[in-house]
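Enquirer: Need coordinates for the below:
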Amino acid sequence: MHGETDLETLLKGMSARLHPGVWAFATLPPGTPEPAGLSPLMRYVEDEGVTLILDAAAAADAGLKTVFPCRRITLHIHSALEAVGFMAAIAQALAGAGISCNPVAGYFHDHLFVPADRAGDAMAVLERLAAGSDFD
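Expert: Numbering: from 1, shown residues only. As a prediction, the model looks like this:
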């Protein structure tokens, strides 16, 4: 199944889902084992260490120092990994509203991590964008 590449189709066809819960980012130095019992939503290995996106409460329980308490928004349209401009248009619209965004691309969907206290504002921006008022 191949995803959509047309920018206008992507923007006008997307819907956004705000997931429950608060997530956070943590890092582990290279070679440090991940605390037992964690189920990170994402794990990314960099030269400086391993980045984890995980439930904020679970991270605190494991004694991990976290940053960026955030909410997860899934964009429901199957965007192709090679689509050009989709995330740029979303990031620009959110930036225009003063909302930071950390995107993660999955095979089927893009996911946004936005500040927990701005999640409702981010959803409103995305709804306007999908309706076309921020696109033309």
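
Enquirer: Let me see the mean pLDDT of the biggest strand by length in the chain.
Expert: Secondary structure of the chain per DSSP state E: the longest strand is strand 66-75. For strand 66-75, the mean per-residue pLDDT is 98.

Enquirer: Stretch 124-136 now?
Expert: Mean predicted confidence for stretch 124-136 is 79.

Enquirer: just use 16 as the starting number from now, easier for me
Expert: In the new count, where the first residue is 16, that last one comes out as stretch 139-151.

Enquirer: Show residues contacting the longest strand of the chain.
Expert: Strand 81-90 has contacts (C-beta atoms under 8 Å, 6 or more residues apart in numbering) with 29-34, 36-41, 56, 71, 74-75, 105, 117, 124-131, 134, 137-138, 141. (C-beta placed from N, C-alpha, C; glycine too.)

Enquirer: From those, keep the buried residues only.
Expert: 29, 31, 38-41, 71, 74, 105, 117, 124-130, 134, 137-138, 141 (16 or more other C-beta atoms under 10 Å).

Enquirer: Next step: those restricted to strands.
Expert: Members of the buried ones among the contacts of strand 81-90 lying in strands (criterion: DSSP E): 31, 38-41, 117, 125-130.

Enquirer: So what's the gap between stretch 22-34 and the chain middle?
Expert: Distance of stretch 22-34 from the chain centroid (C-alpha atoms, centre = their mean, to the nearest Å) equals 13 Å.

Enquirer: For it, list the C-alpha coordinates in PDB.
Expert: C-alpha atoms of stretch 22-34 as PDB (Å, rounded to 0.1, in the frame of the first residue of the first chain):
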ATOM      1  CA  LEU A  22       0.200  18.100  -1.100                       C
ATOM      2  CA  GLU A  23      -3.300  19.500  -1.600                       C
ATOM      3  CA  THR A  24      -4.900  16.100  -1.300                       C
ATOM      4  CA  LEU A  25      -2.900  15.400   1.900                       C
ATOM      5  CA  LEU A  26      -3.800  18.700   3.600                       C
ATOM      6  CA  LYS A  27      -7.500  18.700   2.600                       C
ATOM      7  CA  GLY A  28      -7.900  14.900   3.300                       C
ATOM      8  CA  MET A  29      -6.300  14.700   6.700                       C
ATOM      9  CA  SER A  30      -8.100  14.500  10.000                       C
ATOM     10  CA  ALA A  31      -6.300  14.800  13.300                       C
ATOM     11  CA  ARG A  32      -6.800  12.600  16.400                       C
ATOM     12  CA  LEU A  33      -5.600  13.800  19.800                       C
ATOM     13  CA  HIS A  34      -4.600  10.900  21.900                       C
END
